[in-house]
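>>> Sequence plus predicted model, see below.
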Amino acid sequence: MTADTAPDGQRLDALSAALGLPISTPQRAGLVAYVDLLARWNATYNLTAVREREAVWAQHIADCLAVLPALDRHLAGGGTRRVLDVGSGGGLPGVVLALMRPALDVTCVDTVGKKAAFVRQVAGALALPNLHAVHGRVEALRAPPFELVTSRAFASLADFVRLTRPLLAPGGSWLAMKGKLPADEIAALPADVPVFHVEPIGVPGLDAERCLVWIKPKTP
């Protein structure tokens, strides 16, 4: 891993304080190394349209870290270990979740082969045995069920639920990272798959609305 640089360290200090989120020294080094890898691969492959380092921290890393306090409250109930990140792209939020919460076993799936290859490279470079990447369409994925299925920029809520429903474990939940409250998308969900919680979140350094949409099937 590359050493933490002063500007990156200052950003992490600010993020940790603003989110009330402890970040260990190995996690700090891992996040910086991940940003380094994103920059290196972005020079050749279009992993993300965001290329300025400061913007990567604000729009990607901070955005994913801001999910963790809410996720920790969800995990406090126990029972969640396997996580599927759908349309993960360059590993957002999957890489950040695997790095920050090593008890989780995170699988990132994307239809673009180079993006899946990048996540595999990250897993090796950052020594994350709990991070996996699959190249393919999520509806074709054959895997044991996941207690939590996440997406950040994948599809409408209805499509997200429809395509991943066979992969959700009994009692499991969907977690969609959204911008503004997606009222129309929520209204379009099937009646047996209600939203049980919408949680606004603040992303330090980002002047934009963000919310988490938690969805869970009704029990028969």
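Here it is on my side, so go on.

>>> thought Ser173 was touching Val213?
No: with contact taken as Cβ atoms under 8 Å, Ser173 and Val213 are classed as non-touching, separated by 10.4 Å. Any C-beta I mention is one placed from the backbone N, CA and C, and that applies to glycine too.

>>> These two - which one has more neighbours?
Remark: of Ser173 and Val213, Val213 carries more neighbours, 22 against 19, as counted by other Cβ atoms under 10 Å.

>>> Quickly run through the sheet partners of the longest strand anywhere in the chain, with directions.
For the chain, the strand with the greatest residue count under DSSP state E is strand 168-178. Paired with strand 168-178 in the same sheet, following DSSP bridges, are strand 146-151 (parallel), strand 210-215 (antiparallel).

>>> Can you give the contact residues for it?
For strand 168-178, contacts defined as Cβ atoms under 8 Å, 6 or more residues apart in numbering pick out 63, 67, 71, 74, 79-80, 82, 93, 145-153, 157, 160-161, 164, 185, 196, 210-217.

>>> Now list the buried members of the residues you listed.
63, 67, 71, 74, 80, 82, 93, 146-152, 157, 160-161, 164, 185, 210, 212-215, 217 (16 or more other Cβ atoms under 10 Å).

>>> Can you name the element that comes right after the helix or strand bottoming out on mean pLDDT in the chain?
The helix or strand with the lowest mean pLDDT-type score in the chain, counting by mean pLDDT, DSSP states H and E, is helix 53-56 (a mean of 88). Elements were assigned by DSSP states H and E; along the chain past helix 53-56, the next helix or strand is helix 62-65.

>>> biggest helix in the protein by residues?
Criterion DSSP state H: the longest helix present in the chain is helix 25-42.

>>> burial measure for Arg40, as a count.
Close neighbours of Arg40, defined as other Cβ under 10 Å, add up to 13.

>>> ugh, wrong one, Leu21
Around Leu21 there are 16 other residues, counting by other Cβ under 10 Å.

>>> unless I'm mixing things up, it is touching Val67, no?
No: contact status for Leu21 versus Val67: not in contact, 10.2 Å apart, counting by Cβ under 8 Å.

>>> The strands paired with strand 168-178: which one's closest to Ala17?
strand 210-215 (18.6 Å; Cβ to Cβ).

>>> and the closest one, how far out from the chain's middle?
Its chain's average C-alpha position is 12 Å from that of strand 210-215, according to Cα atoms, centre = their mean, to the nearest Å.

>>> So for that strand, mean pLDDT?
The average pLDDT within strand 210-215 is 96.

>>> which residues sit in contact with the residue nearest the centre of the chain?
For the chain, the residue sitting closest to the mean C-alpha position, by Cα atoms, centre = their mean, is Pro93 at 1.9 Å. The neighbours of Pro93, taking Cβ under 8 Å, 6+ apart as the test, are Asp63, Cys64, Val67, Asp85, Thr150, Arg152, Met177.

>>> sorry, back to before: packing partners for the very next helix or strand once past the longest strand of the chain?
Once strand 168-178 ends, the next helix or strand along the chain (criterion: DSSP H and E) is helix 183-187. On a contact count with 3 or more Cβ pairs under 8 Å, 6 or more residues apart in numbering; DSSP states H and E, helix 183-187 meets helix 157-164.
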